[in-house]
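Participant: structure of the sequence below:
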Amino acid sequence: MFKKTFLLFAILFVSLPVFAVNINAASSKELAAALNGVGASKAEAIIMYREKHGAFKTLKALTKVKGIGAATVDKNRSSIELK
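Facilitator: Below you'll find the model as predicted:
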C-alpha cells in the first residue's frame, strides 16, 4: 500500500510545474524553458509582441502572438504568471 501511495505521489509531484514564469518580464530563455510547446522562436515572438503592445493583461491575450494558440495557453496555464 505504501509503495503505491508513494508512487502516485511521486508521479503527481513530478508532473507539477517547478515554477511559474512571469510572461511580462521573462527572458526568451526563461520562456522557452518554462513553457511546453514554446521554443526559442515563439519565445522571441512573445517578447516582441510584449514590447510592441505592452504587458499581457490576460492569458487569452497570448493567443494574439503568432504561433501561440489556445491549446498552448491551456497546457501552460499553471506555469504562467501575469504580474
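Participant: C-alpha from now on. contacts and neighbour counts both.
Facilitator: Noted.
Participant: now do stretch 28-48, average pLDDT.
Facilitator: Mean pLDDT, stretch 28-48: 96.
Participant: figure out the length between the terminal residues of it.
Facilitator: Chord length of stretch 28-48, first to last residue, is 10 Å (CA to CA, to the nearest Å).
Participant: ranges for the helices of the chain?
Facilitator: 2-15, 28-34, 40-53, 70-76 (DSSP state H).
Participant: and the third one, what's buried?
Facilitator: Under the neighbour-count criterion of 16 or more other CA atoms under 10 Å, helix 40-53 has 42-47, 49-50 buried.
Participant: nearest to K57, of these?
Facilitator: Of all these, K57 sits closest to R50, with 10.5 Å by CA to CA.
Participant: contacts for stretch 23-38?
Facilitator: With contact meaning CA atoms under 8 Å, 6 or more residues apart in numbering, stretch 23-38 is reached by 19-21, 39-40, 42-44, 47, 50, 55-56, 72, 75-76, 79-83.
Participant: report the distance from stretch 54-71 to the chain centre.
Facilitator: Here the centre of stretch 54-71 is set off from its chain's centre by 11 Å, with CA atoms, centre = their mean, to the nearest Å.
Participant: how far does stretch 56-73 sit from the chain's center?
Facilitator: Taking mean C-alpha positions (CA atoms, centre = their mean), stretch 56-73 and its chain are 10 Å apart.
Participant: one more: stretch 43-63?
Facilitator: With CA atoms, centre = their mean as the basis, stretch 43-63 stands 12 Å off its chain's centre.
Participant: let me know the distance separating the residue most central in space within the chain from K52.
Facilitator: Computing the C-alpha centroid of the chain and ranking residues by CA atoms, centre = their mean puts L35 first, at 3.6 Å. For L35, the distance to K52 equals 21 Å [CA to CA].
Participant: this completes my enquiry, with thanks.
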